[in-house]
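Asks: got a structure for you, letters missing:
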């Protein structure tokens, strides 16, 4: 009955709200943190990809942080994500998906931001019942992990100024896919660091899918740029739900192409309403740099 209530509330909120579920919970004593959320997700069918504390990197590179807590937690649902990706390969941009966990230094509340099911469908370009099932599990888990939390939705999203999903395709064949995979991923990895990107996690998702996988390979990279996260967090910390972004790289067994894709920075500016000029400049530069890395692999 409790899960049903949460699902009904989530459905009603989606009629009026934006693209992010926002949890706020009293935390003056600091007992609630990203580790509490990580353990709750892990106990409820999710696989944790990473739980990255950002305050130390912020202080090291920028000399300060506005936050007492700022974590980028990424995870995927073991069963529902597998069904989703098998039916809709481009859903790998949410394997893993992000949970922003933050509390400003002068605040007494902890916050968590995560995408709604309708936002995931909008970004991926298709609807699926698995988006709703994953959302239901997330809301149920966070409600239990954060007793007394208030659940709201973000403001209505702004119009997008660019593609929500950046997608690239490279020719490959049954005979050459293994070599093509190695070359493609080597070029991606070699291109990321000079452009200022950091890889916080790598997932061999084909290993997770097992013998029944419809893919020759399916890899995902969690990619972030510290300046982007730091600058956006100044005005819109809820945008942490988009960081790090997941780059999917896969080849289906019945196709002659390798597909690469990631959620564009236009999601930050649309869903999280990032409008600060400095933050937008950092986002647009990251988009340009990321596109250049992937474009180089298909030329």
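Replies: Perfect, thanks for sending it. These numbers were taken from a predicted model, which means no experiment stands behind them.
Asks: What helix or strand is residue 222 located in?
Replies: Assigning secondary structure by DSSP states H and E places residue 222 in strand 215-224.
Asks: Rounded mean pLDDT for that strand, please.
Replies: Averaged over strand 215-224, pLDDT sits at 96.
Asks: for that strand, packing partners?
Replies: Here strand 215-224 touches helix 177-192, strand 198-204, helix 205-209, strand 245-252, going by 3 or more CB pairs under 8 Å, 6 or more residues apart in numbering; DSSP states H and E. C-beta here means a position set from N, CA and C on the backbone, and glycine is covered the same way.
Asks: for the shortest one, the distance to its chain's centre please.
Replies: Its chain's C-alpha centre and that of helix 205-209 lie 18 Å apart, by CA atoms, centre = their mean, to the nearest Å.
Asks: Mind listing what's buried along it?
Replies: Residues of helix 205-209 classed as buried by neighbour count (16 or more other CB atoms under 10 Å): 205-206, 208-209.
Asks: Mind picking the two most distant members of those residues?
Replies: Farthest apart among the buried residues of helix 205-209 by CB to CB are 206 and 208. That separation is 7.2 Å.
Asks: quick one: the helices in this structure?
Replies: 2-16, 34-42, 55-62, 78-87, 117-124, 129-145, 177-192, 205-209, 226-235, 266-271, 277-298 (DSSP state H).
Asks: just so I know, which of those lies nearest residue 255?
Replies: Closest to residue 255 of these is helix 177-192 (CB to CB; 9.7 Å).
Asks: Pull out the buried residues from that closest one.
Replies: Neighbour-count burial for helix 177-192 [16+ other CB under 10 Å]: 177, 180-181, 184-185, 187-188, 191-192.
Asks: Which of those residues sits closest to residue 58?
Replies: The closest of these to residue 58 turns out to be residue 192 (CB to CB; 20.3 Å).
Asks: For the residue nearest to residue 99 when sequence neighbours are not counted, give me its contacts.
Replies: Nearest residue to residue 99 in three dimensions, chain neighbours excluded: residue 73, at 4.2 Å (CB to CB, 6 or more residues apart in numbering). Going by CB atoms under 8 Å, 6 or more residues apart in numbering, residue 73 touches 34, 37-38, 41, 48, 50-52, 98-101.
Asks: Throw these into TSV and include pLDDT, thanks.
Replies: Converted to TSV, these look like this (pLDDT from 0 to 100):
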residue	pLDDT
34	97
37	98
38	98
41	98
48	97
50	95
51	97
52	96
98	97
99	98
100	98
101	98
